[in-house]
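Provided below for reference: sequence and predicted model.
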Amino acid sequence: MTEAADIYEQYRGMILSGRLGSGERLASVRQVANDLGVAIGTAAKAYKLLEAEGLVTTRAGAGTRVSATPAVLPASVVARIRELAAIAKRESATEDEVVAALRQVWKD
């Protein structure tokens with residue numbers, strides 16, 4: 001992964017799928033560039049694409065955070081989903097079983 005579009009697509013997918021929740025802070029542009037072995041400008045361009053789509057907001061001193069948009073789950077919900085997934089895996093529950101149980105609970 002070396003293109004800004006690839007980085008953008010990866011983050012976009014994580015945001016829209018709920019893997020990154022509303023208000024969660026993204027790694028700095030410098031850190032992303034270092035982690036992926038790309039130029040800082042490449043990582044910055046990816047972040048600009050996310051910002052242009054309204055998926056993230058960037059403020060000096062506060063970093064880049066996932067926006068509060070209707071398509072994005074709140075960070076607190078994402079955290080609970082992560083906890084649930086970790087517990088379910090530890091207890092050898094399948095994804096289908098967990099999703100079915102969640103759907104049932106949602107209906108109640």
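That came in fine, so what should we check first? Numbering: from 1, shown residues only.

tell me which stretches of this protein form helices.
4-16, 29-36, 40-52, 75-90, 95-107 (DSSP state H).

of all these, which one comes closest to Thr69?
helix 4-16 (8.7 Å; Cβ to Cβ). Using the backbone N, CA and C atoms, a C-beta is placed for each residue, glycine as well.

and the closest one, what does it pack onto?
helix 40-52 (3 or more Cβ pairs under 8 Å, 6 or more residues apart in numbering; DSSP states H and E).

can you list the buried residues in the helix it packs on?
42-47, 49-50 (16 or more other Cβ atoms under 10 Å).

the most centrally placed residue in the chain: what's it in contact with?
Nearest residue to the geometric centre of the chain (Cα atoms, centre = their mean): Leu20, 2.3 Å. Counting by Cβ atoms under 8 Å, 6 or more residues apart in numbering, Leu20 touches 11, 14, 26, 66, 72, 78.

fine by me, thanks again.
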